[in-house]
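In: Next input, structure requested:
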Amino acid sequence: MPALSSTMTEGKIVSWIKSEGDLLSKGESVVVVESDKADMDVETFYDGILAAIVVPEGETAPVGASIGLLAETEEEIAEAKAKAASKASGSTPPVAETVTPTPPPPATSTPTISQPPAAPEGPRKTTVTPFAKKLAKQHKVDINNVVGTGPYGRVTPADVEAAAGIAVSKPSESLAATVKAAASSSVPPPLPGSNFVPFTTMQAAVSKNMVESLSVPTFRVGYPVITDALDAFHDKVK
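Out: Down below sits the predicted model:
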């Protein structure tokens, strides 16, 4: 699941444009994802075969989770299907490496299913997100000693917080808990013939932000102004 915005923590599969077994070309739209901003077409970075769909239409997945598996050859399709079945059942069969989502480049619509490149030989530069650098400086954490869990080993804010001993909560679980608590406390009894419609991803994000805004303090500052000269001028030109 790609991060289609800076505030996106999970996405909903609106529809799969391609089906299992379809040939994919680099730059081709594969799936439509609903983020907290809008519905967006997601493309693939690589040529290949859509071997298995892990997250079906109508279901959600956190950012970074596998939603589909890409195979380079027809021989790999069976292994990808077995891997997809293991994700659904929770088991882990001994199959080939998993194809994981490719991280999105800045300010562009990004692919969701791609094949990770081979690990480079020799030392490599540690990549760190800007917010992770800020947290590392704030908590006095040596960024070079933090093991990155993001795409391609990138150090994320969660990695820095874990290194600093700060408990990290999952945003998707926090969002779901907020929405569930608000629903249980404010939803009126259902009217005859009515039905409940669940929030879209965007509506849930807006609701969460509005609830959080209630805790922001408000300050008002006032001071007196003498307007005698202004009043005299008004009487003169009236």
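In: Pull the contacting residues for the nearest residue to Gly64 once chain neighbours are set aside.
Out: Once flanking residues are discounted, Gly64 sits nearest to Met1: 6.3 Å by C-beta to C-beta, 6 or more residues apart in numbering. Every C-beta, even on glycine, is put in place using the N, C-alpha and C of the backbone. For Met1, the contacting residues are Glu10, Gly11, Val33, Val55, Ala61, Pro62, Val63, Gly64, Ala65, Ile67, Pro101, Thr112, by C-beta atoms under 8 Å, 6 or more residues apart in numbering.
In: is it true that the first one touches Thr201?
Out: Yes - with contacts defined as C-beta atoms under 8 Å, Glu10 counts as touching Thr201 at a distance of 7.1 Å.
In: anything in contact with each of the two?
Out: Thr60.
In: residue boundaries of the strands in this structure?
Out: With DSSP state E, the ranges of strands along the chain come out as 10-16, 23-24, 29-34, 39-43, 48-53, 60-62, 68-71.
In: Tell me what the nearest residue to Thr73 once chain neighbours are set aside is bridged to.
Out: Spatial nearest neighbour of Thr73, excluding adjacent residues (C-beta to C-beta, 6+ apart): Ile49 at 7.7 Å. Beta-bridge partners recorded for Ile49 (DSSP bridges): Leu23, Ala71.
In: go on, Gly11?
Out: With DSSP bridges as the rule, Gly11 is bridged to Ala61.
In: so how many other residues sit close to it?
Out: 29 (other C-beta atoms under 10 Å).
In: Domain map for this structure?
Out: 1-117, 124-179 (automatic domain parsing).
In: Let's have the ones you listed in JSON lines, adding mean pLDDT and distance to Pro189.
Out: Formatted as JSON lines, the domains of the chain follow (pLDDT from 0 to 100; distance: least, C-beta to C-beta, whole Å):
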{"stretch": "domain 1-117", "mean pLDDT": "76", "distance to Pro189": "28"}
{"stretch": "domain 124-179", "mean pLDDT": "75", "distance to Pro189": "19"}
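In: Okay, helices next: where are they in the chain?
Out: Ranges of helices within the chain are 77-89, 130-138, 157-163, 171-186, 201-213, 228-237, based on DSSP state H.
In: can you tell me how far Glu212 sits from Thr7?
Out: Using C-beta to C-beta, to the nearest Å, Glu212 is found at 12 Å from Thr7.
In: Compare the two and say which is more crowded by neighbours.
Out: Neighbour totals were compared for Glu212 and Thr7, and Thr7 leads with 13 against 10 (other C-beta under 10 Å).
In: So that one sits against Asp36, correct?
Out: Yes - counting by C-beta under 8 Å, Thr7 touches Asp36, with 5.8 Å between them.
In: Need the overlap of contacts for those two.
Out: Counting by C-beta under 8 Å, 6+ apart, the shared contacts of Thr7 and Asp36 are Ala205.
In: mind checking the end-to-end distance for stretch 60-76?
Out: For stretch 60-76, the first-to-last residue distance is 26 Å (C-alpha to C-alpha, to the nearest Å).
In: Lys18 against Ser25, yeah?
Out: No - applying C-beta under 8 Å, one finds Lys18 not in contact with Ser25, separated by 10.5 Å.
In: Neighbour count: the two, which is higher?
Out: Applying other C-beta under 10 Å to Lys18 and Ser25 shows that Lys18 carries more neighbours, namely 18 against 10.
In: List the residues that contact the more buried one.
Out: Going by C-beta under 8 Å, 6+ apart, Lys18 touches Leu24, Glu28, Val30, Val31, Leu50.
In: can you do 7 Å?
Out: Leu24, Val30, Leu50 (C-beta atoms under 7 Å, 6 or more residues apart in numbering).
In: between these, which is nearest Lys238?
Out: Closest approach to Lys238 among the contacts of Lys18 (C-beta to C-beta): Val30, at 70.5 Å.
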